[in-house]
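A.B. asks: sequence plus the predicted model coming up.
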Amino acid sequence: MPEDLLKIDELKTVFRTEAGTARAVDGVSFTVGRGETVGLVGESGCGKSVTALSIMRLVADPPGRIESGSIVFEGRDLLGLSEKEMRKVRGNEISIVFQEPLSSLNPVFTCGEQIREAIALHQKLGRRESRAKAVDMLRLVRIPDPDKRYSSYPHQMSGGMRQRVMIAMALSCQPKLLIADEPSTALDVSVQAQIIELLVDLRVGRDMAVLLITHDLAVVAQMADRVVVMYAGSVVEESPVEELFASPAHPYTKGLIDSLPKLGQSLERLPMIPGTVPDPLHVPEGCRFSDRCQERFDKCSVEPPLFDLAAGRRARCWLCEGSEG
Amino acid sequence: MSVLIAKGLKKYYRSAGGFFLRGSRQLRAVDGVDIELEKGKTLGLVGESGCGKSTLARLLLRLEEPTDGTLEIDGTDFLALKGRELRRARRKIQMIFQDPYSSLNPRLTVGSTIAEGIRIHGLARGADVERRVSELLDQVGLPRAAYSRYPHEFSGGQRQRVGIARALAVEPDIIVADEPVSALDVSVQAQIINLLADLQRDLGLTYLFVAHDLGVVEHVSDRISVMYLGRIVESAPAKELFSDPLHPYTAGLLASIPTATPGRRIKAAISGDVPSPVDIPDGCSFHTRCPKAFGPCGSETPRLEEVSSGRCTACWLYKE
Amino acid sequence: MSGGRSLWSAGWARFRRNPLAMAGAITVLVLYLVAILAPALTPYDPVSHGDLPQMRHQPPSKDHPLGTDKFGRDVLTRMVYGSRISLTVSFLAVALSVILGSIIGAVAGYTGGFVDAVLMRMVDALMSIPRLFLLLTCIALFSRSLLLVTLLLGATGWMSTARLVRAQILTLKNREFISAAEALGAGSRRIVLRHLIPNALTVIIVSATLRIGLIILVEAALSFLGLGVPPPTPSWGMMVYEGREVLLDAWWVSTFPGLAIVVTVVGYNLLGDGLRDSFDPVRFT
């Protein structure tokens, strides 16, 4: 396994609302190695996006607050940095690409200008050099005619092009870690494939790790080396990608993989997980998945720990007890 | 037997050019579509954003008035109906919407939402209304206690069930489902898909299932039509479309779907972006992105024609 | 079957937890009680003169807690009766403008097209006429009366409500539940009354509450200019006007009615803000 670039330990982020305290991220630990792509998967409200925002220290406070835990990036705990030091990390050492590129770009500046500004800000380059570099970045993300496209405004571009601009901006300072939060979800199938291909290709020859946050298992299968599955604020399974799809250890992961309609497979009924995703204000007692789990037994009234299994796998399920590697 | 036959449906919008600006361009959302729904079967309609699939769905319910074309439902000319006659005929075709949040009136209880259609059409009176609503709640898998609760007290999947019950309340023959699961969590999608399949089996419903997710569409459909920029480019039995796509767009779309199989990396099979519907390319609208474009593609529009039994495509590759 | 929690009851629960909103609500409630119970609250007559000249401009005392004016009338009594004028005029004027504005806005928003364009250009045109000028002209043309002032304030205030309601209807019209109702075979009346209006109602109520404060100020300004309610009927604006000549010698004549205006307007604004924070459908659905 590669050396750790990012090590999250027992991270807890809560949101105080009128209706009570939502433990959005409740004791999450995982690592991202240098140059590694880790997929963080889960359904709405599982805490995957809040985890990403916590790493960037972009959780809106109030109502949100990082309560405890540590986020060690290159030997420094990001939670201990001052806001000024954190600003140097953001966009420079860690970059983030969001789902909706239109709202992430400023409509009154050209796309090229926004990339140039990001470069000038972090690398202290002059106007001409930073502009040349911005054009290079546009070329890198395969935007046709980058010199001309430099002066296009965000609204003059398609969704796929805007997402390329966002990626160019995120990569312009050679970050060590790129956080991609549902980067292809808002895009059409044919364009989504282009963006996934681009992201996979861009990693080659760059010492850049990617934390891919998505609800789409197929996208994870395409891109990730390792997968962390979250459910109701906690990690339920962690595994290299091949093993996860070949033999999911946690019943939730298994249910998710089974319920995907697969091309060419004819089934009368889709296997399904009963019930609904718990709302973060009312997380079930004991194992958080127990109320929807078809393999539940008496032990499940107590929350299981993450059992270490063979080959770098971990799962939070009592069924895995005794089969630790 | 066909319960719905649409021919040459068109919907053009005037693109925002301003009040005084001449030459404001036309947005051709739906540009001459023929569709037939077989009784008790499911037609899947796939396409990317802006291809006009949602507009087409709304045209079939007359939530939008078509610019041109004919629409026959159960043998009656649906487009000729007006006022009270139209409102009465609307019972036959109902819609399930994409967004479970905006599709329910937040001020009405689940019970009143489902009962609305029953009351409008006088399908039951007095206490029978409540009895019928309870029956519908059972049918879609919601607890009876949901009757007096409000939409905001439910999750997305449960709200979608309410929307389905509302549609079923008027005992329709045809249900148009516009992306009914795309806003739901993965684990809940399968529940709704299975529910729709059960209802079809029990009630003999006819579905038009509109979606962008090819995996879901293949699972639910008997036949699939693929739309691109307002036109149907291919139509085939579901299994055949997937095993042997004819139109290069269908083939590219299939190749672009990421599969949940690690190690099998996808290749972006179609380059470029979907052109804007105000700026549809001449000739075959796909030729700007088509890897197989040749001679006639840029100048002449191919018509959708049957090339072998049950299989239609609009592509010059298959013309004599 | 247990009843669900409607958006109204959820909003009311939020409202009760907001101390500023509750303060506003209580202020407004107390003001209305005072207006209704006026005769029971003070022993004096608001209109007839006191014993002149010895009763003229008496400072606050045990018998006259807020002093007397130049006709020897009890200031507190006149203020209490004046609240009837301010509250009635503002309430009726706002009710009139909200009803007018809601109907015109709803028709414009729901019908769209040509009707919408005509109505909205009319709103633009009316909004460009300076309101005070219009009021002054009308009052100069007709005789001053309570009814005229109310009607004028109502008829000149509906445009912003119309715009607000139209915008609200336009966003609601695109919601899928409207399409669903249409597909069920609901007629326009059902769609407007059952689906559009109830969802636009909170916005209308909030804006009406905030407008009442504004109307009270306009009415006071008119009275101050001597163009409001004709004397000797007490009105807060008029009382401030009457006291301005003796502000240094008999400060109480102007100051207390002025304070009453401030308290009322602040009370309504707090109430309106509280209602918006608690019921705004954009934030809670």
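C.D. replies: Yep, it's here.
A.B. asks: ok, A:Gln192 - contacts?
C.D. replies: A:184, A:219, B:256, B:258 (Cβ atoms under 8 Å, 6 or more residues apart in numbering or on different chains). Yep, even glycine has a C-beta here, placed from its N, CA and C like the rest.
A.B. asks: ranges for the helices of the stretch 51-200 of chain A?
C.D. replies: In the stretch 51-200 of chain A, the helices defined using DSSP state H, counting those that start in this stretch lie at A:83-89, A:101-104, A:111-123, A:127-140, A:146-149, A:159-171, A:189-203.
A.B. asks: between these, which gets the lowest average pLDDT?
C.D. replies: Lowest mean pLDDT within the helices of the stretch 51-200 of chain A: helix A:101-104, at a mean of 74.
A.B. asks: give me the neighbour count for A:Arg142.
C.D. replies: By other Cβ atoms under 10 Å in any protein chain shown, 18 other residues sit near A:Arg142.
A.B. asks: cool, C:Pro59 as well?
C.D. replies: When neighbours are counted by other Cβ under 10 Å, C:Pro59 comes out with 12.
A.B. asks: quick check: which element contains B:Val226?
C.D. replies: Using DSSP states H and E, B:Val226 sits within strand B:223-228.
A.B. asks: relative to that strand, what are the paired strands and their orientations?
C.D. replies: Taking DSSP bridges as the criterion, strand B:223-228 forms sheet pairs with strand B:42-46 (parallel), strand B:231-237 (antiparallel).
A.B. asks: okay, the angle between the first one and helix A:189-203?
C.D. replies: For strand B:42-46 and helix A:189-203, the angle between their directions (axes from the mean of the first three to the mean of the last three Cα atoms, to 10 degrees) works out to 50 degrees.
A.B. asks: tally of neighbours for C:Pro231?
C.D. replies: For C:Pro231, the neighbour count with other Cβ under 10 Å is 14.
A.B. asks: now the longest helix along chain B: buried residues?
C.D. replies: In terms of residue count, the longest helix belonging to chain B (DSSP state H) is helix B:186-203. Going by neighbour count (16 or more other Cβ atoms under 10 Å in any protein chain shown), the buried part of helix B:186-203 is B:186-197, B:199-200.
A.B. asks: mind listing what residue 166 touches?
C.D. replies: Since you didn't name a chain, this refers to chain A. A:Met166 is in contact with A:97-98, A:101, A:104-105, counting by Cβ under 8 Å, 6+ apart.
A.B. asks: hmm, no, I was thinking of chain C.
C.D. replies: Shown in contact with C:Arg166 (Cβ under 8 Å, 6+ apart): C:105-106, C:108-109, C:116, C:120.
A.B. asks: let's see if you can find the most crowded of those residues.
C.D. replies: Going by other Cβ under 10 Å, C:Gly105 tops these with 30 neighbours.
A.B. asks: just give the nearest non-adjacent residue to it, would you?
C.D. replies: The shortest distance from C:Gly105 to any residue other than its chain neighbours is 3.0 Å, reached at C:Val165 (Cβ to Cβ, 6 or more residues apart in numbering or on different chains).
A.B. asks: buried residues of the strand or helix carrying the one you found, list them for me.
C.D. replies: Per DSSP H and E, C:Val165 falls inside helix C:158-173. Buried residues in helix C:158-173, counted by 16+ other Cβ under 10 Å: C:158-166, C:168-169, C:172.
A.B. asks: could I get the full set of helices for chain C?
C.D. replies: C:7-16, C:19-36, C:38-41, C:75-111, C:113-127, C:131-141, C:146-155, C:158-173, C:176-184, C:188-190, C:197-224, C:236-243, C:252-279, C:281-284.
A.B. asks: can you check the stretch 201-320 of chain B too?
C.D. replies: Using DSSP H, counting those that start in this stretch, the helices found in the stretch 201-320 of chain B span residues B:214-220, B:238-243, B:248-256.
A.B. asks: what about the host helix or strand of A:Gly27, near chain B?
C.D. replies: When elements are assigned from DSSP H and E, A:Gly27 belongs to strand A:20-33. No - using Cβ under 8 Å from any Cβ of the partner chain, no contact is recorded between strand A:20-33 and chain B, whose separation bottoms out at 15.2 Å.
A.B. asks: report the rounded mean pLDDT for that strand.
C.D. replies: Averaged over strand A:20-33, pLDDT sits at 92.
A.B. asks: partner strands of it, parallel or antiparallel?
C.D. replies: Using DSSP bridges, the strands paired with strand A:20-33 are strand A:4-17 (antiparallel).
A.B. asks: what's around whichever residue of chain C sits closest to chain A, how many residues?
C.D. replies: Closest residue of chain C to chain A, Cβ to the nearest Cβ: C:Arg14 (6.9 Å). C:Arg14 has 16 neighbouring residues, counting by other Cβ under 10 Å.
A.B. asks: how close does the closest residue to it other than its chain neighbours get to chain B?
C.D. replies: Leaving out its chain neighbours, the residue that sits closest to C:Arg14 by Cβ to Cβ, 6+ apart is C:Ser278, at 4.1 Å. The spacing between C:Ser278 and chain B, counted by Cβ to the nearest Cβ, to the nearest Å, is 15 Å.
A.B. asks: what's the pLDDT at the nearest residue to C:Thr233 once chain neighbours are set aside?
C.D. replies: Ranked by Cβ to Cβ, 6+ apart and with sequence neighbours excluded, the top spatial neighbour of C:Thr233 is C:Ile85, at 6.6 Å. Per-residue confidence (pLDDT) for C:Ile85: 83.
A.B. asks: number of residues surrounding C:Ile85?
C.D. replies: 23.
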